[in-house]
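# For reference, the sequence and a predicted model appear below.
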Amino acid sequence: MANPWTGEVALTVNGERHVAKLTLGALAELEDWLGADSLAQMVARFEGEGLKSADVLALVCAGLRGAGWTGQVEDLLNAEIEGGILEAARVAARLLVLAFRPVPV
């Protein structure tokens, strides 16, 4: 079960439920995949109007890898994501919100 308090989001891929989480390592990997020079530049890319489905796929993959999945972006290219592109985009957005939300002290 995904725990949103720790930044986790659930996603079903090929009929198997997974947890995704944007850890620092996952964010660094995502920056590299997207060719972003900074976290701010990467986040701006997701906030802008030029968002591509490949960006959503990369973000979902980074989240899955951050939670321990060992696959690659290529493994998701032909995968069946329950809920389709809308669910993938929702999961991607939720991952970003949870990763960058202020944490109460």
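Done, it's in.
# what's the closest non-adjacent residue to Glu31?
Leaving aside its sequence neighbours, Glu31 sits nearest to Met42 (CB to CB, 6 or more residues apart in numbering; 5.3 Å). In short, each C-beta sits where N, CA and C put it, glycine included.
# Would you mind confirming that Leu98 makes contact with Val19?
No - the criterion here is CB atoms under 8 Å, and Leu98 misses it with Val19 at 11.9 Å.
# Give me the common contacts of the two.
Counting by CB atoms under 8 Å, 6 or more residues apart in numbering, the common neighbours of Leu98 and Val19 are 8-9.
# Report the secondary structure state of the closest residue in space to Glu8 that isn't next to it in sequence.
For Glu8, ignoring the flanking residues on the chain, the nearest one in space by CB to CB, 6+ apart is Ala2 at 4.0 Å. Under DSSP: H, G, I helix; E, B strand; the rest coil, Ala2 falls in the coil class.
# Kindly report the same for Asp37.
Applying three-state DSSP: Asp37 is coil.
# Return the backbone torsion pair for it.
Backbone torsions of Asp37, given as degrees, to the nearest 10, read phi -90, psi -20.
# I'd like the distance between Glu29 and Pro102.
For Glu29, the distance to Pro102 equals 24 Å [CB to CB, to the nearest Å].
# go on, Asp75?
Note on Asp75: its distance to Pro102, by CB to CB, is 33 Å.
# Which elements pack onto the helix or strand of the chain with the lowest mean pLDDT?
Across the helices and strands of the chain, mean confidence by mean pLDDT, DSSP states H and E is lowest for helix 39-47: a mean of 84. Applying 3 or more CB pairs under 8 Å, 6 or more residues apart in numbering; DSSP states H and E, we find helix 39-47 packed against helix 24-34, helix 53-66, helix 84-100.
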